[in-house]
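S.K.: Need a 3D model of the following:
(one chain, ligands or ions: 2)
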Amino acid sequence: MDTAEKSLNFIEHIIEDDLREGYSEDDLRFRFPPEPNGYLHVGHASSICLNFGLGLRYGAPVNLRFDDTNPTKEEQEYVDAIKRDVEWLGFRWENECYASDYFQQLYDWAVQLIKDGKAYVDSQTSEEMAEQKGTPTEPGVASPYRDRSVEENLRLFEDMKNGDFGEGEHVLRAKIDMASPNMLMRDPILYRVLHKAHHRTNTDWCIYPMYDWAHGQGDYIEQVSHSLCTLEFLPHRELYDWCLDQLVSEDKLRPKQREFARRNLSHTVVSKRKLLKLVEEGVVSGWDDPRMPTISGMRRRGYTPEAIRNFADTIGIAKRENVVDVSLLEFHVRDHLNKIAPRVMAVLDPLKVVITNYPEGEEEWLEAENNPEDESAGFRKVPFSREIYIEKDDFREEANRKFFRLKLGGEVRLKNGYIIKAESCTKDEEGNIIEVQCTYDPMSKSGSGTEESLRKVKGTLHWVSVKHAIATEVRMYDRLFNDPTPDAHKDKDFMEFVNPDSLNKVTGYLEPSLKDAVIGDRVQFQRLGYFNVDTDSTSDNLVFNRTVPLRDTWAKLEQKN
Ligand code: ATP
Ligand code: MG
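M.R.: Ligands and ions are numbered 1, 2, ... in the order given. Reported below is the predicted structural model:
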């Protein structure tokens, strides 16, 4: 999509106003600031597309900033996964930055704050401090340590840094206003003691800054012009500005925090904490399980970066939270795969068909178009022989006129092949149909130019030749949660809504052209859906994922209900 032609979103309006009021385009700079405490999910994709999209629109640099101020939850594995995911989505960051790179600077600024009489060491328990906080309508009570001398504060803060205290013994608080209507301004904590090794600074530090004493400062150091975050940070904006007031100098650009609504997707959860729970409790096989709404899960499932970006562009950004239906994401996945995925034939629930008038032992290779949406995709050959598989669902002994598939006495066309007619069928002892006997019309071959080849029959079926078929594992996925908003129930935990049937493994029979498929390849199994080769595949044992069915069966179900 040409970004210049789209109408502006409200963040772009803010930027346009700033440009009119004195910012130059060179002042613009953005960042995407993940905390490396989990894998990125589809909600982050929105934030990535917003920030990097602004970078593209204005030709401005965008930093990737790791907000790594809490060593208890952060890991290098997550840093690596985040970088991989942002790159895979198709974006390039200007600088790779870390809040931890600023620890010394943040400490020095905190020391200055103490010297200015704007911060103090509090030695109460967290419970005591919570009690003094007051309520939104009642002012808080000052800590008995609020008026410690600068000297004592400096000494204690240094001792905190040097590891002389245990966790929770002391914290550094900003001295702002215990009566502020904004509870976050009632002497917020800036530093706490944590005796935890950090994935980058190791044991260099045992005090760590809080988000509010790191984020705006990071923005300032990197000279980010617009620091975009989700709405839950709206009440933090006043504190963000207060912290900047303490350090901004005239000749430097002052970052602005602006907020947009978090994106939620139906039938799933988008919170790293909740996704981690799914991983830890073994509900899924890992962060990249194809059922996960993580970027790595969607990649493994066969979604394309283009589809995810188009989805993010379509929903845009909002000022209020809402839930976007997952079928809109699936629509974009189908829309893109329709253009790029080669068509192949695969049967997932086989019923054997014997073509009784086709000579035994003979075979022929029929020409098949790879992608009607893309001429350059060319053609391939598919083998035809006396015994083929069709889908069980595509045959009935008897059916009404609206059943355009195969029934006794009826005709269908085999995709890329001949017209066949069902003559009889065989059943097992329980009455299940186990084989259908058909005859074929040798003159009706697709594309042969004969009158019979042009003859119209109502149904066209996909099929594979039994003796040429490759049997593979095919993983059929359904939604991970049965409920559209699993984490929005007050009385129930989201885990109660896990769909026990979200994964169903079947054996599929594939046309032999797929024998050389490699991990990541995406195809359309005709009439069934889009599939890709899973990372569990080996050259002897292919595993396919169903990326998305051809049609949205849920939408129909939900309309009925
Ligand atoms: P989670 O609750 O999943 O841990 P988070 O907000 O704590 O999310 P961060 O790593 O701190 O995750 O987020 C990085 C950036 O992505 C932030 O600017 C955040 O506001 C944004 N972001 C996170 N979740 C969403 C979402 N669902 N929709 C839009 N933006 C999001
Ligand atoms: Mg977070």
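S.K.: In the stretch 351-500 of the chain, what residue spans correspond to strands?
M.R.: In the stretch 351-500 of the chain, the segments counted as strands under DSSP state E, counting those that start in this stretch are 363-369, 379-385, 387-391, 395-396, 406-407, 411-414, 419-427, 433-441, 460-461, 464-465, 470-477.
S.K.: Get me the contact residues on the stretch 151-300 of the chain for ligand 1.
M.R.: Neighbours of ligand 1 within the stretch 151-300 of the chain, by C-beta under 6 Å from any ligand atom: 229, 230, 262, 263, 270, 271, 272. C-beta here means a position set from N, CA and C on the backbone, and glycine is covered the same way.
S.K.: Return the member of those nearest to residue 466.
M.R.: Relative to residue 466, the closest of those is residue 270; by C-beta to C-beta it sits at 44.7 Å.
S.K.: State the number of residues packed around the closest one.
M.R.: For residue 270, the neighbour count with other C-beta atoms under 10 Å is 19.
S.K.: Do I have it right that it meets residue 292?
M.R.: No. Assessed by C-beta atoms under 8 Å, residue 270 is found out of contact with residue 292, at 10.4 Å.
S.K.: State the phi and psi torsions of the residue of the stretch 401-550 of the chain found nearest ligand 1.
M.R.: Nearest residue of the stretch 401-550 of the chain to ligand 1, counting by C-beta to the nearest ligand atom: residue 487, 10.9 Å away. Torsion angles at residue 487 (phi, psi; degrees, to the nearest 10) stand at phi -100, psi 20.
S.K.: Identify the spatial nearest neighbour of it, chain neighbours not counted.
M.R.: Of all residues not flanking residue 487 in the chain, residue 494 sits nearest, at 4.1 Å (C-beta to C-beta, 6 or more residues apart in numbering).
S.K.: give the contact list for the one you found.
M.R.: Contacts of residue 494 were listed using C-beta atoms under 8 Å, 6 or more residues apart in numbering, and they are 269, 274, 481, 486, 487.
S.K.: how close does it get to residue 448?
M.R.: 57 Å (C-beta to C-beta, to the nearest Å).
S.K.: now do residue 530
M.R.: Residue 530 sits 30 Å away from residue 448, going by C-beta to C-beta.
S.K.: Out of those two, name the residue with the larger neighbour count.
M.R.: Using other C-beta under 10 Å as the criterion, residue 530 and residue 448 rank with residue 530 on top: 26 against 14.
S.K.: per-residue pLDDT, that one?
M.R.: Here, the pLDDT recorded for residue 530 equals 98.
S.K.: Compare the residues of the stretch 151-300 of the chain next to ligand 1 and tell me which is most surrounded.
M.R.: The residue in those with the most neighbours, by other C-beta under 10 Å, is residue 263 (25 neighbours).
S.K.: That one against residue 48, yeah?
M.R.: No. In this structure residue 263 lies outside contact range of residue 48 using C-beta under 8 Å: 11.3 Å.
S.K.: which neighbours do the two share?
M.R.: Contacts common to residue 263 and residue 48, judged by C-beta under 8 Å, 6+ apart, are absent.
S.K.: Find the nearest non-adjacent residue to residue 413, please.
M.R.: In space, residue 413 is closest to residue 460, 4.6 Å off (C-beta to C-beta, 6+ apart).
S.K.: hang on, isn't that neighbour packed against residue 412?
M.R.: Yes. Applying C-beta under 8 Å, one finds residue 460 in contact with residue 412, separated by 6.6 Å.
S.K.: And the pLDDT for the residue nearest to residue 413?
M.R.: pLDDT, residue 460: 96.
S.K.: Quick check: buried residues in stretch 70-78?
M.R.: Judged by neighbour count (16 or more other C-beta atoms under 10 Å), stretch 70-78 contains these buried residues: 70, 71, 74, 78.
S.K.: and that stretch, C-alpha only, in PDB?
M.R.: What follows is stretch 70-78, C-alpha atoms only, in PDB (Å, rounded to 0.1, in the frame of the first residue of the first chain):
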ATOM      1  CA  ASN A  70      14.100  -6.400  35.300                       C
ATOM      2  CA  PRO A  71      16.600  -9.200  35.400                       C
ATOM      3  CA  THR A  72      14.200 -11.600  37.100                       C
ATOM      4  CA  LYS A  73      12.300 -12.200  33.900                       C
ATOM      5  CA  GLU A  74      14.600 -11.300  31.100                       C
ATOM      6  CA  GLU A  75      16.800 -13.600  29.000                       C
ATOM      7  CA  GLN A  76      19.100 -13.500  26.000                       C
ATOM      8  CA  GLU A  77      16.900 -16.100  24.300                       C
ATOM      9  CA  TYR A  78      14.100 -13.500  24.200                       C
END
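S.K.: Other residues contacting that stretch?
M.R.: Identification of contacts with stretch 70-78 by C-beta under 8 Å, 6+ apart yields 35-39, 68, 194, 196-200, 208.
S.K.: Rebuild the residues you listed as a markdown table, extending it with neighbour count and secondary structure.
M.R.: Converted to a markdown table, those look like this (neighbours: other C-beta atoms under 10 Å; DSSP: H, G, I helix; E, B strand; the rest coil):
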| residue | neighbour count | secondary structure |
| --- | --- | --- |
| 35 | 18 | coil |
| 36 | 25 | coil |
| 37 | 17 | coil |
| 38 | 24 | coil |
| 39 | 26 | coil |
| 68 | 27 | coil |
| 194 | 17 | coil |
| 196 | 15 | coil |
| 197 | 13 | coil |
| 198 | 20 | strand |
| 199 | 17 | coil |
| 200 | 18 | coil |
| 208 | 23 | strand |
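S.K.: Just name the closest of those residues to residue 174, please.
M.R.: residue 208 (15.7 Å).
S.K.: what's near enough to touch the closest one?
M.R.: Contacts of residue 208 (C-beta under 8 Å, 6+ apart): 69, 70, 71, 103, 191, 192, 194, 198.
S.K.: go with 10 Å
M.R.: If a contact means C-beta atoms under 10 Å, 6 or more residues apart in numbering, then residue 208 has 68-72, 99-100, 103, 106, 191-194, 196, 198, 201, 214 as its contacts.
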